[in-house]
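A.B. asks: Task: produce atomic coordinates for the following.
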Amino acid sequence: MPQTVIDLLNKGSEISCADSFRQGNVVCLPAEGSVIITGDIHGHRRNFERIVDFADLPNNPDRHIILQEIIHGGQEDYQGNCISYRLLFDVVRYKVDFPDRVHIIMGNHDTAFITDSKVMKNGKEMNRSMSLALEREFQQASTAVKLAIKKFLLSLPLAVRCDNRIWMSHSLPANRYIDKFDKQVLEKKVKIDDCKRPGSAYLLTWGRNHSQSLLDKMAALLDVDIFILGHQAQVHGWSRAGENLIIIASDHNHGCLLQVDLAKPCSIEGLIDSIVPLASIS
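C.D. replies: Reported below is the predicted structural model:
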């Protein structure tokens, strides 16, 4: 079993890097078909199942799906430790089955796992919690499994760009760090140091509470009009957090997804009208 999981993760890493729509660390989607955009999942298996059902990729060959922040949350083992890596394995299988249509972007909990840094969620240090569960399940092979998880997470792209000028990433640099963000991280191979503070992959996954001036500056820098982000908790599943920003969450009972027509221009109001509550998907 451990070797099967390691082989799966290694294959997922290769497929992530070989995504035919990937340019550097940005997935550039075409001006055709549609894309399903989801927020943080954090181990919420039922919501992932709803997302997969809604996307129905086998019957929609020109549809893409964006997933993020799979680990840290959801089910626990009998000692209360995080087993969200099991959902991560299923997400990797989904990517393997649809290599050029399932796009998993890097989040801050991913960078925390890659760098062995502490990350808190609901009062619990999640890397320690998940590591203890991995050690219990995989025993002597746990170190190799952890390394394969890190390799897979490090292979993930940082963002998705749509031809209709929508940008999707886990977050954006915080206001005070905007001048430290190096756009070249979107083009070069991401290294572990990029995922540590104040590396640019770190900055792109950890920022919160963005001002409109920052959003305008980032829109000009990236040549886009609208941002769709995750990362920040959303009690109602989504919010409009700026003139050109929607934040979406998919990790609780009020979680949502967003369906976008890639062939048409989009307005922020039109995107809001396209938000789908996950609880409405049977």
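A.B. asks: Which residue ranges of the protein form helices?
C.D. replies: 2-18, 45-55, 85-97, 108-115, 126-138, 142-154, 200-206, 212-222, 268-273 (DSSP state H).
A.B. asks: closest to residue 243 out of those?
C.D. replies: With respect to residue 243, and counting by C-beta to C-beta, the nearest of the helices of the chain is helix 212-222 at 6.0 Å. Any C-beta I mention is one placed from the backbone N, CA and C, and that applies to glycine too.
A.B. asks: what residues does that closest one touch?
C.D. replies: 161, 167, 172-173, 175, 178, 183, 225, 227, 242-245 (C-beta atoms under 8 Å, 6 or more residues apart in numbering).
A.B. asks: Distance from the chain centre to that helix, please.
C.D. replies: 21 Å (C-alpha atoms, centre = their mean, to the nearest Å).
A.B. asks: got the contact list for residue 15?
C.D. replies: By C-beta under 8 Å, 6+ apart, the neighbours of residue 15 are 95-96, 99.
A.B. asks: Columns distance to residue 250 and mean pLDDT on top of the helices of the chain, output as TSV?
C.D. replies: Listed next are the helices of the chain as TSV, based on distance: least, C-beta to C-beta, whole Å; pLDDT from 0 to 100:
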stretch	distance to residue 250	mean pLDDT
helix 2-18	20	98
helix 45-55	5	98
helix 85-97	12	98
helix 108-115	14	98
helix 126-138	18	97
helix 142-154	18	98
helix 200-206	17	98
helix 212-222	22	98
helix 268-273	16	97
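A.B. asks: which intervals of the stretch 151-282 of the chain have sub-threshold pLDDT?
C.D. replies: Along the stretch 151-282 of the chain, the model assigns pLDDT under 70 to no residue.
A.B. asks: what's the residue lying closest to residue 32 once chain neighbours are set aside in contact with, if anything?
C.D. replies: Leaving out its chain neighbours, the residue that sits closest to residue 32 by C-beta to C-beta, 6 or more residues apart in numbering is residue 263, at 5.3 Å. Neighbour list for residue 263: 31-33, 164 [criterion: C-beta under 8 Å, 6+ apart].
A.B. asks: repeat for residue 114
C.D. replies: Contacts of residue 114 (C-beta under 8 Å, 6+ apart): 150, 153-154, 192, 195.
A.B. asks: Which of these are buried, as a PyMOL select command?
C.D. replies: In PyMOL, a selection of the buried entries from the contacts of residue 114 looks like this (16 or more other C-beta atoms under 10 Å):
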select buried, resi 150+153+154+195
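A.B. asks: With distance to residue 91 as extra columns, can I get the contacts of residue 114 in TSV?
C.D. replies: Shown next, in TSV, are the contacts of residue 114 (distance: C-beta to C-beta, whole Å):
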residue	distance to residue 91
150	16
153	11
154	16
192	22
195	19
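A.B. asks: ok, the contacts of residue 114 vs residue 57, which is closest?
C.D. replies: Nearest to residue 57 among the contacts of residue 114, with distances taken as C-beta to C-beta, is residue 153, at 22.5 Å.
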